[in-house]
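J.: kindly generate the corresponding structure for this input.
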Amino acid sequence: MSKIKVAIAGIGNCVSSLLQGVEYYKDKDAKDAIGLMHWDIGGYRPSDIQVTAAFDIDERKVGKDVNDAIFAEPNCTAVFCGNMPKSGVNVQMGKILDGYSEHMSEYPEKHSFVISSEKEPSRSDVVKALSESGADMLLNYLPVGSDEAAKFYAECALEAGIGFVNNIPVFIASNPEWAGRFKERNLPVIGDDIKSQLGATITHRMLGDLFKKRGVKLDRTYQLNTGGNTDFLNMLNRKRLASKKLSKTEAVQSILDDRLKAEDIHIGPSDYVPWQKDNKVCFIRMEGRLFGDVPMNLELRLSVEDSPNSAGVAIDSIRCCKLALERGEGGVLHAPSAYFYKHPPVQYPDDEAYHMLENFISKNWAAEREVYQYQNSQT
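T.: Below you'll find the model as predicted:
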């Protein structure tokens with residue numbers, strides 16, 4: 001099998017977990033692959049993912065080998081594979097735009113960004129870097145609220161003729177105009193806003209579905225989250241939260257038979273607690289009525305390492321994007337988007353999205369893959 005070549009915008013905690021995972025599972029086999037939803041997707045395993053280009057704006061990361069940069073401050077996620085080999089790919093200076101919230105300069109450097117003095121690249125510079133790297137796709141891991149920066153990199157992916165995997169709550173795959181542009185170029189796009197493997201949103205959705213199936217009337221609910229990584233620090237700027245709050249709220253609303261009024265549902269980040277680092281604590285409360293209109297309530301506390309919780313989902317998403325490239329499928333990949341992301345173009349119940357995804361993966365494209373790989377070998 002050929003490698004899955006990825007370019008990455010934003011070398012933060014989630015990318016640290018992703019790349020540690022690629023190395024961690026390299027010497028394992030299917031029976032030892034704890035924590036993966038799929039060991040094999042279309043013949044590709046986690047270790048088949050290879051970074052060929054990387055972009056960031058922090059001076060502690062720019063110019064470093066990407067496998068060193070993932071451990072640089074302000075990254076603070078769990079280190080479960082510290083002995084990372086050199087990748088041979090240095091992090092390049094990225095485009096700043098709105099990828100940095102000015103309020104973060106008020107916090108100590110170890111918790112915040114230190115903007116690199118390197119010259120910002122133009123769009124043509126980024127497109128050239130993507131093309132020369134041979135990347136199959138660009139992964140967007142910019143901070144929440146990076147609307148203009150996310151669109152900049154989506155534009156670069158289109159111009160470079162590669163797929164786009166949008167892991168943040170800026171609406172690209174779920175925006176008909178952007179989706180149409182990727183369809184027109186016959187390039188796959190997946191998104192938006194990645195779900196964790198077992199996080200607040202998927203848990204809240206499953207509980208909402210349980211209430212519905214068991215005939216419990218949900219009257220009101222909240223989901224509050226705290227954490228100490230740069231994601232939570234960034235989100236102290238409430239102006240950057242509009243799309244994040246919409247994405248998380250819609251993910252839960254879409255599973256309910258009767259949508260709750262705005263005043264009866266509250267979902268979103270609550271506060272930044274520095275000592276929590278990459279640990280995310282979620283509090284969910286659901287109030288409803290059982291048989292005879294008798295009231296009940298449920299309270300749940302979930303504590304997870306935030307970035308590893310998304311990395312296993314990202315590994316599957318990357319491999320699905322590669323399958324689409326091999327098959328010549330362009331535009332939105334609806335099955336992976338519905339199962340892996342909070343704000344896909346079309347929301348499906350999770351069990352239905354799961355079966356859609358398995359059908360997407362299991363298609364027999366062996367002949368097409370041989371043609372695809374032969375053509376790539378000639379170029």
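
J.: ok, the nearest residue to residue 62 once chain neighbours are set aside to residue 350 distance?
T.: Nearest residue to residue 62 in three dimensions, chain neighbours excluded: residue 116, at 4.4 Å (CB to CB, 6 or more residues apart in numbering). Using the backbone N, CA and C atoms, a C-beta is placed for each residue, glycine as well. Residue 116 sits at a distance of 40 Å from residue 350 (criterion: CB to CB, to the nearest Å).

J.: longest helix in the chain, please.
T.: The single longest helix within the chain, with elements called by DSSP state H, is helix 306-327.

J.: from the chain's centroid, how far away is the helix or strand just after that helix?
T.: For helix 306-327, the following helix or strand on the C-terminal side (DSSP states H and E) is strand 331-332. What separates the centre of strand 331-332 from the centre of its chain is 17 Å, taken as CA atoms, centre = their mean, to the nearest Å.

J.: so where do the strands sit in this structure?
T.: Using DSSP state E, the strands of the chain run over residues 4-9, 49-56, 92-93, 137-140, 163-166, 188-190, 217-227, 265-272, 279-289, 295-305, 331-332.

J.: do I have it right that residue 313 meets residue 196?
T.: Yes: using CB atoms under 8 Å, residue 313 is in contact with residue 196, at 6.8 Å.

J.: before we move on, the earlier item: out of residue 116 and residue 350, which sits in the busier spot?
T.: With neighbours defined as other CB atoms under 10 Å, residue 116 and residue 350 compare such that residue 116 has more, 19 against 16.

J.: and the gap between the more buried one and residue 100?
T.: For residue 116, the distance to residue 100 - CB to CB - is 11 Å.

J.: quickly list what's touching both of these two.
T.: Counting by CB atoms under 8 Å, 6 or more residues apart in numbering, the residues touching both residue 116 and residue 100 are residue 57.

J.: centroid-wise, who is the farthest residue in the chain?
T.: Distance to the chain centre peaks in the chain at residue 292, reaching 42.4 Å (criterion: CA atoms, centre = their mean).

J.: local confidence estimate at that residue?
T.: With respect to pLDDT, residue 292 scores 98.

J.: contacting residues around the most centrally placed residue in the chain?
T.: In the chain, the centroid-proximal residue (CA atoms, centre = their mean) is residue 167; its distance is 2.8 Å. Residues near residue 167 by CB under 8 Å, 6+ apart: 14, 139-141, 191, 193-194, 310, 314, 317.

J.: show me where the protein has its helices.
T.: According to DSSP H, the chain carries its helices in the segments 13-24, 66-69, 123-133, 147-160, 176-184, 200-213, 230-234, 242-253, 306-327, 334-340, 350-362, 366-378.

J.: among those helices, show the one with the smallest mean pLDDT.
T.: It's helix 366-378: among the helices of the chain, that one has the lowest mean pLDDT, namely a mean of 50.

J.: how about residue 74, what does it touch?
T.: Shown in contact with residue 74 (CB under 8 Å, 6+ apart): 58, 109-113, 229-230.

J.: what's the local residue count around residue 2?
T.: If you count neighbours by other CB under 10 Å, residue 2 ends up with 16.

J.: follow-up on the earlier one: can you redo the contacts of residue 74 as TSV with distance to residue 302 and neighbour count?
T.: Below are those laid out as TSV (distance: CB to CB, whole Å; neighbours: other CB atoms under 10 Å):
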residue	distance to residue 302	neighbour count
58	30	26
109	31	12
110	27	10
111	24	17
112	27	20
113	28	26
229	16	25
230	21	24
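
J.: farthest-separated two in those?
T.: The distance between the two most remote of the contacts of residue 74 (CB to CB) is 14.9 Å, for 109 and 229.

J.: how many neighbouring residues does residue 184 have?
T.: 11.

J.: what sits against it?
T.: So residue 184 contacts residue 330 (CB under 8 Å, 6+ apart).

J.: can you list the buried residues in stretch 100-119?
T.: 100-101, 104, 107, 111-114, 116 (16 or more other CB atoms under 10 Å).

J.: ok, residue 328 to residue 124 distance?
T.: Note on residue 328: its distance to residue 124, by CB to CB, is 27 Å.

J.: now swap in residue 247 and tell me
T.: 31 Å.

J.: give me the more crowded residue out of these two.
T.: More crowded of residue 247 and residue 124, by other CB under 10 Å: residue 247, with 25 against 10.

J.: next one, pLDDT for residue 40 please.
T.: pLDDT at residue 40 comes out at 95.

J.: just the pLDDT for the closest residue to it other than its chain neighbours.
T.: The shortest distance from residue 40 to any non-neighbouring residue, by CB to CB, 6+ apart, is to residue 30 (7.3 Å). Listed pLDDT for residue 30 reads 90.

J.: distance of the closest residue in space to residue 155 that isn't next to it in sequence relative to residue 142?
T.: Distances taken as CB to CB, 6+ apart put residue 123 closest to residue 155, at 6.6 Å, once the chain neighbours are dropped. Distance check for residue 123 against residue 142: by CB to CB, it reads 15 Å.

J.: the more surrounded of the two?
T.: Just comparing residue 123 and residue 142: by other CB under 10 Å the higher neighbour count belongs to residue 142, 28 against 13.

J.: name the nearest residue to the more buried one, ignoring sequence neighbours.
T.: Distance criterion CB to CB, 6+ apart; nearest residue to residue 142, sequence neighbours excluded, is residue 10 at 4.5 Å.

J.: what are the phi and psi angles of that neighbour?
T.: For residue 10, the backbone dihedrals (degrees, to the nearest 10) come out as phi 100, psi 100.

J.: that'll do, ta.
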